[in-house]
Every structure is written in C-alpha cells, then in structure tokens.
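Asker: The following block contains a protein sequence and its predicted model.
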Amino acid sequence: METLNFLTPEIVRSAAEKVGTPAYIYSQETIEKRCSEVLAFPNAYGFNARYALKANPHLAILKIIEGKGLHFDASSEYEVMRCLHAGIPADKIQLTGQQFPKKHLKEIFEAGVLFNACSLRQLEEFGKNFPGSNVSFRINPGTGSGSNRKTNVGGPSASFGIWHEYTDQITKIADKYQLKVTRIHSHIGSGSDPEVWKAVAEMTLAQADKFPDVHTVNLGGGFKVARMSSEKSTDLQSVGEFVKQVFITHASSTGNEYKLEIEPGTYLSANCGSLICEVDDITDTGAEGYKFLKLNTGMDTITRPALYASEHPIILLNDSSETEDYVICGHCCESGDVFTVDESDTLTERNVAKANIGDLVVIEGAGAYCASMSLKNYNSFPTAPQLLLKDNELKVILAPQEIQDILAPEIVPN
Ligand SMILES: Cc1ncc(COP(=O)(O)O)c(C=O)c1O
C-alpha cells in the first residue's frame, strides 16, 4: 500500500477547506532538499546544475530553486520570459527549445540568455541574428533512454538535437557567422537505464573534443524518480561518481578538462508535489466487469497517466480497514481518462482502502509534468489551484479559477 510523502490527513483537510479540490500542494522543504542533493553531484572539473523548468514552471517554485543556487533550462522563449519575469539573471538561463524564438528573439538574447541550438536551422538563424556570439548545441547521440517512445528523446526516432554525424556542418555554420561553440549538450530522455546514460556521457565528451572552445559538457536530465513504492530512484551519488571517473579518464587521454552540467526536472520536483481530490462516484459493470472509482479530477489536471500510462500512488484518506480493487478513473468524458492502465493501454485494478463518496484522495508524485502539462480547461473544468506548504503553513500560489476566468478571453463576433 502506498503512503503519503509530505502531507498529513490534517493538512489535506485544511487545504480542501481553503481552496476546494482538486488542488496541487508543493512542499518547499522537499524542493530545497532535492536541490541540495543535486548540488552534491560528484564532479572532477567544476559543476553547475540547471532546473528544467518545463517540469514545473510556477514562479514561486523558480524562486525557491534559484535561492538554492541553481540555474535554469527553458524549453521555449516563453519559459525564458517566465524566468526573466521571476527576476532570474539572464546569464543563468539557457534556452533549449524545439522551436526557434520569434516574438522575443532580440529581447532574450540581447539580455544575455544562453542559446543551445537544437537543429542546424536553429544554429543558422542564431548565427544570422547574433554573429560573433558564444553558442551551445544539443546533440542527438544516436541512442536514447526511456520507458517508451514518448519519453525517449535520443536515437533515430527522436527529432531532438543535431544528429551526431553532422558535426562538420555545425563547424561550417559556426565559421560562417564567427560563432564560438563553448558548450555541448545531450539529453536522451527520462528512462531508467543508467548504462545508456553513462555511454552517452563518453560519446558526448568525444564530440566536445571536436570543438576547441568547448569548456562545459551538459548531460541533460532524465534521472529516474520512484513515485510508486515498487520503483527505485536514481542514486545521484553513484551515477555521479561514475560520470566523474569518465571525465577524469577522458581528460587523462586528451588533456581536455570539461566542466559538467546537468539539468534535471523530474528529480527536483516530482515528489515535491501532490494532487488532492475526492471520490466523486463508484460504479461497476456487473459480475464479469470492473468496479470503477471516479475522482473529481482527471486528464485535464493530471495528464501523465493518460499520455504515458504513468503510475502515481493514489491514497484514500478514510478509516476503512478493508481494501478493494478498483479501476480508478478521472472526470473527463473520455474513455482514456483512467489512472490505472498498463503500457498496452489495458485497464488494471488498484487495491486501495474501500472507498466512500466524498473521501479525500491524494495522488502522489505530482510535482513534475503535472500542473505544467495539464490539458487546461478540457470539459471546461477549471484549472486546479496550487498551494505551497512552507513552515507548516499553506499559502495559495495559484488562485482557484472561476468559470468567468475561462469565458472572459472568448469573443463572439457580431
Ligand atoms: C533538454 C531537456 N533537459 C532536461 C529535461 C529534464 O528531464 P527530466 O525531467 O527527466 O529530468 C528535459 C525533459 O524533457 C529536456 O528536454
């Protein structure tokens, strides 16, 4: 049976009274703890950690993480604007995006944001606009890591980064625009295969050697975090020690001592957030069918289960000593809005406390890629409010959305 991470039933009740359900709650203390763990990553020739803010970009979270001394990796020009709005200095922000910036192009790079080119076209555009600048590039090292195609972002089936056989073309474009390649980057996905991650470190170092001005090698994020009690988190110290030795061995044969950078998202935020909700209904499909537990939240608020078949601990807060198997589903009018499916999209049952309508429920491991990745306002359900738990006090950091907030931007032409 799964247990609560940082919440207590009393805190959940008081959050529900304050803003209703569903609502996200984040723990400042846990975020700070994770930052300290990341900052202790072993290294040989210097180290920097970036937070991949796509995981959870709330301004309050960014401020906490900046306060701990981390830098940031943004995945769009709009995430860069979010960082600048939070008062984060431009030189602590890197843009690694699938789409080249347009609207804020001048504003962000003239301010000093670092650019990590993710395609040859992006590198060319950057060169045209900012000749003579320093630049980084993201390489697709030819292999990836991820539990399925949707979480694997390296190898031939991934469009992310510049294919590893095209480094001559990078040199050509850099020469054409007097760009200085000072950093190299790889991120292969949020998988659980440390062997692949380690092999990519060696391969990225070899690529770095082709560019004489490179001083920093960024190995991305993708450190697995156990959400379910049956899973195992990456041991940052042991992966870090291995990577440190790879850097030392590489330096002893090439003389190139590279600074290491990593940019986790999940590791920093996944278990720092929980989604609280309620049992809305219990139905069944007869003796040969299933018993369904319907929650008052779903894929509009937490999309990972429907998108990736991701498992999250689901804990019912009641005094029942009995348990029961349920297919747990969300409140959207979609047969895909189910929390308990396997990777082949087959319904699975979860054994939880025997439920009553109105029971409070906690969905754990909801701090990363949950609020940020939600299908906001599907079925016109309001966006869930967010709370920060700080020194045992709950502070509202995103106000509940009302139906008027959803309707206000919509225009009916005359
Ligand atoms: C470029 C880049 N860096 C870092 C991350 C963070 O990955 P994770 O949250 O698995 O640590 C991502 C996630 O997709 C990414 O695309």
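Answerer: The structure has been received and is ready for your questions. Quick caveat, the model's predicted, so the values are computed rather than measured. Numbers count the residues shown, from 1 in each chain.
Asker: The strand or helix carrying residue 184: what's the following helix or strand?
Answerer: Using DSSP states H and E, residue 184 sits within strand 180-185. Proceeding N to C from strand 180-185, the next assigned helix or strand is helix 194-208, under DSSP H and E.
Asker: quick one: strands adjacent to the strand holding residue 184?
Answerer: Strand 180-185 pairs in its sheet with strand 134-140 (parallel), strand 216-218 (parallel), by DSSP bridges.
Asker: Can you name the residues of this protein sitting close to the ligand?
Answerer: Selection of the chain residues close to the ligand by CB under 6 Å from any ligand atom yields 52, 55, 73, 96, 187, 190, 220-223, 263-267. The way it works is simple: take the backbone N, C-alpha and C, and place the C-beta from them, glycine included.
Asker: again, only using 8 Å
Answerer: 50, 52, 54-55, 73, 75, 96, 116, 138, 151, 153, 160, 185, 187, 189-190, 220-224, 263-268, 270, 368-369 (CB under 8 Å from any ligand atom).
Asker: And residue 124, how far from residue 188?
Answerer: The spacing between residue 124 and residue 188, counted by CB to CB, to the nearest Å, is 24 Å.
Asker: how far is the helix or strand where residue 11 lies from where the chain is centred?
Answerer: Using DSSP H and E, residue 11 sits within helix 9-19. Here helix 9-19 is found 26 Å from its chain centre; the criterion is CA atoms, centre = their mean, to the nearest Å.
Asker: In its sheet, which strands sit next to the helix or strand just after that helix, and in what direction?
Answerer: Sequence order places strand 23-27 as the next helix or strand after helix 9-19, per DSSP H and E. Here strand 23-27 is paired, per DSSP bridges, with strand 273-284 (antiparallel), strand 386-390 (parallel).
Asker: Convert the C-alpha atoms of the helix or strand just after strand 23-27 to CSV, please.
Answerer: Where DSSP H and E defines the elements, the next helix or strand beyond strand 23-27 is helix 28-39. Taking C-alpha atoms only, helix 28-39 is exported to CSV below (Å, rounded to 0.1, in the frame of the first residue of the first chain):
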residue,chain,number,x,y,z
GLN,A,28,9.2,24.0,-0.1
GLU,A,29,11.2,21.9,2.3
THR,A,30,11.3,18.9,0.0
ILE,A,31,12.2,21.0,-3.0
GLU,A,32,15.1,22.5,-1.1
LYS,A,33,16.2,19.1,0.0
ARG,A,34,16.2,17.8,-3.6
CYS,A,35,18.2,20.9,-4.7
SER,A,36,20.9,20.1,-2.1
GLU,A,37,21.1,16.5,-3.4
VAL,A,38,21.5,17.7,-7.0
LEU,A,39,24.2,20.3,-6.0
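Asker: So which other helices or strands are in contact with helix 28-39?
Answerer: strand 47-52, helix 59-67, helix 266-269, strand 386-390 (3 or more CB pairs under 8 Å, 6 or more residues apart in numbering; DSSP states H and E).
Asker: Following the last one in sequence, what is the next regular element?
Answerer: Looking back up the chat, that one is strand 386-390. Next in sequence after strand 386-390, counting helices and strands by DSSP H and E, comes strand 393-398.
Asker: what does that next one contact?
Answerer: 11, 14-15, 18-19, 24-26, 58, 60, 371, 383-388 (CB atoms under 8 Å, 6 or more residues apart in numbering).
Asker: Going by neighbour count, which residues of that strand are buried?
Answerer: 394, 397-398 (16 or more other CB atoms under 10 Å).
Asker: so residue 116 sits in a helix?
Answerer: No - going by DSSP: H, G, I helix; E, B strand; the rest coil, the assignment for residue 116 is strand, not a helix.
Asker: That one contacts residue 95, doesn't it?
Answerer: Yes - between residue 116 and residue 95 there is a contact under CB atoms under 8 Å: 6.3 Å.
Asker: Return the longest helix in this protein, judged by number of residues.
Answerer: Criterion DSSP state H: the longest helix present in the chain is helix 236-254.
Asker: The helix or strand following it packs against which elements?
Answerer: On the C-terminal side of helix 236-254, the closest following helix or strand by DSSP H and E is strand 259-262. The contact analysis (3+ CB pairs under 8 Å, 6+ apart) places strand 259-262 against strand 47-52, strand 216-218, helix 236-254.
Asker: Please parse the chain into its domains.
Answerer: 28-270, 271-401 (automatic domain parsing).
Asker: Would you reformat the strands paired with strand 23-27 as JSON lines and include mean pLDDT and distance to residue 173?
Answerer: What follows is the strands paired with strand 23-27, written out as JSON lines (pLDDT from 0 to 100; distance: least, CB to CB, whole Å):
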{"stretch": "strand 273-284", "mean pLDDT": "98", "distance to residue 173": "40"}
{"stretch": "strand 386-390", "mean pLDDT": "98", "distance to residue 173": "42"}
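Asker: which stretches of the stretch 251-400 of the chain aren't confidently modelled?
Answerer: Applying pLDDT under 70 to the stretch 251-400 of the chain flags no residue at all.
Asker: For the ligand, give me its nearest residue in it.
Answerer: Relative to the ligand, the nearest point of the stretch 251-400 of the chain is residue 265 (2.9 Å; CB to the nearest ligand atom).
Asker: list the buried ones in stretch 133-141?
Answerer: 133, 135-141.
Asker: And for stretch 14-24?
Answerer: Residues of stretch 14-24 classed as buried by neighbour count (16+ other CB under 10 Å): 15-16, 19, 21-24.
Asker: count of neighbours near residue 408?
Answerer: 9 (other CB atoms under 10 Å).
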